[in-house]
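In: Give me coordinates for this.
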Amino acid sequence: MLYFALMFSDKLIPQDIINELQKATEAQLPLLKPAAETWQPTDLLPDFAGKNWKDEVAEFQKEAAQIPDEALACLVGNMITEEALPSYQTWLNRHMEFRDESGTDTSPWAKWTRAWSAEENRHGDVLNRYLYLTGRVNMHSIEITIHNLIRNGFNLGSGNHVYKSIVYASFQERATRVSHRNMGLLAHKFGDKKLGRISALIAGDEARHEQAYQNLFKVCLECDPSGAMEAMADMLLSKIVMPARLMDDGTGRDIFGDYSIVAQKLGIYTTRDYAELLLFLVETWKLDKLKNLSALASAAQEKICKTAEKYLRKSDSLMEAIQSVQIQPFSWLTRPAQ
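Out: Numbering: from 1, shown residues only. I've put the predicted structure just below:
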């Protein structure tokens, strides 16, 4: 059996498992849509080349004016997270032979990461333009935050280990889907149908992406159940590192922490969502049914299956406590001095 130098603790990933993952990735490629067959940001926003663009912008701003400030701040945080895409594509290509070596490789994983990035790129684009057109945000502050986040980077804590990265992507794509879905529901509640549609389309993309990563981790569990279970425990038993944790608006405040509190208060992404997501993954991968695991993996299996219940028990009390937290105004919404 051939091995390549992909190390995680003292464990090497066999080449035959990498081969299986490449074959599984090939099977996921149909989940990604050709550019001509999917939505683009300009399909969802006022057309400035049209004769009625002024009326379109006026109607757009009329609907957007109904979104409360806190919800708008949460949308800004979601957009900034999407705009840090360069960090995420870099992370997907850390994995030795399981990566796009030249930037134009034809391996399944190389094709996947490029096409996935192309789809994800639209999310930041459309939300950025939406926010700009509302006339309600301080785009300069937002742009500083995006700039700083990309400069600060992103470390999800997976090292160079394929299993860890795939399980993280499975979790994060679903979490992002939940966040955009809930934002869309909130937008409809306040009468902004355009934002509701944008959010629903983004959530639809994330649903396809999460399906692919979940399918890939099933292969990890089938090929190496003990190794995959240990990797999952290492990623999920401590609080997941969120992609935008290092965002910085230049004011010195914990802007990510404040954004997270607002997201909880509005029901955009909550501790209950986190717990339900863990439960979903346990059920999807049938983790409680895995047999013949190593002692370490068996202990991880038991703890993983209990962790979601622990967060569910805490979720209501945490939500109650968060409701009383007061957040200072976001620089993203404060108009610059004239």
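
In: just the helices in the stretch 201-338 of the chain please.
Out: In the stretch 201-338 of the chain, helices defined by DSSP state H, counting those that start in this stretch lie at 225-236, 255-266, 271-284, 295-323, listed in chain order.

In: any idea of the angle the last one forms with helix 255-266?
Out: Put plainly, it is helix 295-323. 70 degrees (axes from the mean of the first three to the mean of the last three C-alpha atoms, to 10 degrees).

In: Deepest-packed of the helices of the stretch 201-338 of the chain, please.
Out: With neighbours defined as mean count of other C-beta atoms under 10 Å, the helices of the stretch 201-338 of the chain peak in mean count at helix 225-236, which reaches a mean of 23. Using the backbone N, CA and C atoms, a C-beta is placed for each residue, glycine as well.

In: one step back: columns mean pLDDT and distance to residue 248 on top of the helices of the stretch 201-338 of the chain, output as a markdown table?
Out: Converted to a markdown table, the helices of the stretch 201-338 of the chain look like this (pLDDT from 0 to 100; distance: least, C-beta to C-beta, whole Å):
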| stretch | mean pLDDT | distance to residue 248 |
| --- | --- | --- |
| helix 225-236 | 92 | 25 |
| helix 255-266 | 96 | 7 |
| helix 271-284 | 93 | 24 |
| helix 295-323 | 89 | 23 |
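
In: Select, out of the ones you listed, the one closest to residue 36.
Out: When these are compared by C-beta to C-beta, helix 271-284 sits nearest residue 36, at 31.9 Å.

In: and that closest one, what does it pack onto?
Out: Helix 271-284 sits against helix 162-189, helix 295-323, with contacts defined as 3 or more C-beta pairs under 8 Å, 6 or more residues apart in numbering; DSSP states H and E.

In: still on that earlier bit, out of the helices of the stretch 201-338 of the chain, the one nearest residue 212 is which?
Out: The nearest among those, by C-beta to C-beta, is helix 271-284 at 12.9 Å.

In: Look up how far residue 185 lies from residue 267.
Out: According to C-beta to C-beta, to the nearest Å, residue 267 stands 9 Å off from residue 185.

In: still on that earlier bit, specify the stretch among the helices of the stretch 201-338 of the chain that is closest to residue 173.
Out: Closest among the helices of the stretch 201-338 of the chain, once you apply C-beta to C-beta, is helix 271-284, at 10.4 Å.

In: how many degrees apart are the closest one and helix 295-323 in direction?
Out: 150 degrees.

In: what angle separates helix 271-284 from helix 162-189?
Out: On the basis of the same axes, to 10 degrees, helix 271-284 is oriented at 130 degrees to helix 162-189.

In: if we look at helix 271-284, which residues are touching it?
Out: 170-171, 174-175, 178, 182, 214, 236, 240, 264, 287-288, 304-305, 307-312, 314-316, 318-319 (C-beta atoms under 8 Å, 6 or more residues apart in numbering).

In: same deal with stretch 81-98?
Out: With C-beta under 8 Å, 6+ apart as the test, stretch 81-98 has contacts from 4-6, 15, 18, 21-22, 99-100, 109, 113, 116-117, 120-121, 123-124, 127-128, 146, 149-150, 153-154, 156, 158, 160-162, 165, 169, 176, 242-244, 247.

In: What residues of it count as buried?
Out: In terms of neighbour count (16 or more other C-beta atoms under 10 Å), stretch 81-98 has its buried residues at 81-85, 87-89, 91-93, 95, 97-98.

In: Which among the helices and strands packed on helix 271-284 is found nearest to residue 223?
Out: helix 162-189 (9.8 Å).

In: the helices in the stretch 51-200 of the chain, which residues?
Out: So, for the stretch 51-200 of the chain - with DSSP H, counting those that start in this stretch - the helices run 53-64, 69-83, 85-92, 108-134, 139-152, 162-189, 193-223.

In: Out of the ones you listed, which is closest to residue 323?
Out: With C-beta to C-beta as the measure, helix 69-83 is the member of the helices of the stretch 51-200 of the chain nearest residue 323 (12.0 Å).

In: can you state the direction angle for that closest one and helix 193-223?
Out: 50 degrees.

In: what comes up buried for helix 69-83?
Out: 70-83.

In: Could I get these in CSV, plus columns for distance to residue 325 and pLDDT?
Out: Below are those laid out as CSV (distance: C-beta to C-beta, whole Å; pLDDT from 0 to 100):
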residue, distance to residue 325, pLDDT
70, 12, 96
71, 16, 97
72, 18, 97
73, 14, 97
74, 14, 97
75, 19, 98
76, 19, 98
77, 16, 97
78, 20, 97
79, 23, 98
80, 21, 97
81, 21, 96
82, 25, 97
83, 26, 97
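
In: and the closest residue to residue 215 other than its chain neighbours, what element?
Out: Nearest residue to residue 215, sequence neighbours excluded (C-beta to C-beta, 6 or more residues apart in numbering): residue 28, at 6.1 Å. Per DSSP states H and E, residue 28 falls inside helix 15-28.

In: now for that helix, which elements pack on it?
Out: Counting by 3+ C-beta pairs under 8 Å, 6+ apart, helix 15-28 packs on strand 3-8, helix 108-134, helix 193-223.
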